[in-house]
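K.L.:
Predicted model and sequence below, questions to follow.
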Amino acid sequence: MEINVISFDIDGTLVEQKFNDIIWEYEIPMQVAESKGWALEEAKNYCKDEYRKLGDKDLRWYDIEYWLKRFGIKTPAIDILRKWEKSIKVYPDVFPTLKRLAEDGLRLIVITCMPRIFLKEKIYKFDSFFERVFSTISDFKKVKAPEVYRHIAQEILAEPASILHVGDHPVLDYEFSRQAGYKSLLIERNGKTRPESIQNLEEIFPCL
């Protein structure tokens, strides 16, 4: 079936991971260190262990409000995110690729696990390209899963086989979208580990 919808993940696909890394690996541990009177390195190790215990298939893993409450941090989430919003970087191939896809008449959507509180500052520069932006955590109270992909296809009135999903997570983006009947591409921007993956968005076009 011909592809007429392109679905994109956000982090590691359209936007660099730096912002997330600062929030989860520096800012939250720093807040923990200050509240508990710990050294920063001790707080970093503690936070990493707690993140690891939960794992990225649990929707709470993505929920900054959950972690602030769990760690006893009083600073509002929105203040933490705004503090570092200038560190958000869009990959250089994003605008040319989205523009070309839109000019070719393809429908463009976003499917991300990231809660909406994270999304506004990340995509405001290019959200006009997208017909719909789905946050699986905020909209469906689930991480990405085959049934979520199928539901989204129904909601946008598209056959799963007519949708190409592009993302950087080998399971949540690549495997689960394929299980739902989508076509999919795994993007590995830091170097390919799989022969079928791509390293930049311009490699989408030969696949259409």
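P.N.:
That came through fine. Numbers count the residues shown, from 1 in each chain.

K.L.:
Please make it C-alpha for all contacts and neighbour counts, starting now.
P.N.:
Noted.

K.L.:
Relative to Glu65, how far out is the spatially closest residue to Glu27 that is not a sequence neighbour?
P.N.:
Nearest residue to Glu27, sequence neighbours excluded (C-alpha to C-alpha, 6 or more residues apart in numbering): Ile80, at 7.6 Å. Going from Ile80 to Glu65 by C-alpha to C-alpha, to the nearest Å gives 11 Å.

K.L.:
just Lys74 next, same as before
P.N.:
From Lys74 to Glu65 the distance is 10 Å (C-alpha to C-alpha).

K.L.:
go on, Lys125?
P.N.:
25 Å.

K.L.:
Show me which of these two is the more surrounded one.
P.N.:
The residue with more neighbours, out of Lys125 and Glu65, is Glu65; 15 against 11, by other C-alpha atoms under 10 Å.

K.L.:
which intervals of this structure have sub-threshold pLDDT?
P.N.:
For the chain, no stretch is flagged by pLDDT under 70.

K.L.:
What lies in contact with stretch 152-164?
P.N.:
1-7, 150, 180-185 (C-alpha atoms under 8 Å, 6 or more residues apart in numbering).

K.L.:
distance between the ends of that stretch?
P.N.:
Stretch 152-164 has an end-to-end distance of 13 Å (C-alpha to C-alpha).

K.L.:
again, but for stretch 59-67
P.N.:
12 Å.

K.L.:
Give me the three-state assignment for Ser7.
P.N.:
strand (DSSP: H, G, I helix; E, B strand; the rest coil).

K.L.:
That one bridge partners, please.
P.N.:
Assessed by DSSP bridges, Ser7 has beta-bridge partners Ile109, His165.

K.L.:
for the protein, what's the longest helix?
P.N.:
helix 40-54 (DSSP state H).

K.L.:
Return the distance of it from the chain's centre.
P.N.:
Chain-centre distance of helix 40-54: 21 Å, with C-alpha atoms, centre = their mean, to the nearest Å.

K.L.:
Excluding its own residues, what touches it? List them.
P.N.:
Glu25, Tyr26, Ile28, Pro29, Met30, Val32, Ala33, Arg60, Trp61.

K.L.:
Return the set of buried residues in whatever helix or strand comes next after that helix.
P.N.:
Once the chain leaves helix 40-54, the next helix or strand it forms, by DSSP states H and E, is helix 64-71. For helix 64-71, the neighbour count (16 or more other C-alpha atoms under 10 Å) marks Ile64, Trp67, Leu68, Phe71 as buried.

K.L.:
So the third one is in contact with Lys74, correct?
P.N.:
Yes: because the distance of 7.2 Å satisfies C-alpha atoms under 8 Å, Leu68 is recorded as touching Lys74.

K.L.:
May I see the buried residues of stretch 83-102?
P.N.:
Neighbour count says stretch 83-102 has Ile88, Val90, Val94, Phe95, Thr97, Leu98, Leu101 buried, by 16+ other C-alpha under 10 Å.

K.L.:
any chance of those residues in JSON lines, with secondary structure and distance to Cys113 too?
P.N.:
Formatted as JSON lines, the buried residues of stretch 83-102 follow (DSSP: H, G, I helix; E, B strand; the rest coil; distance: C-alpha to C-alpha, whole Å):
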{"residue": "Ile88", "secondary structure": "coil", "distance to Cys113": "18"}
{"residue": "Val90", "secondary structure": "strand", "distance to Cys113": "18"}
{"residue": "Val94", "secondary structure": "helix", "distance to Cys113": "19"}
{"residue": "Phe95", "secondary structure": "helix", "distance to Cys113": "22"}
{"residue": "Thr97", "secondary structure": "helix", "distance to Cys113": "22"}
{"residue": "Leu98", "secondary structure": "helix", "distance to Cys113": "21"}
{"residue": "Leu101", "secondary structure": "helix", "distance to Cys113": "23"}
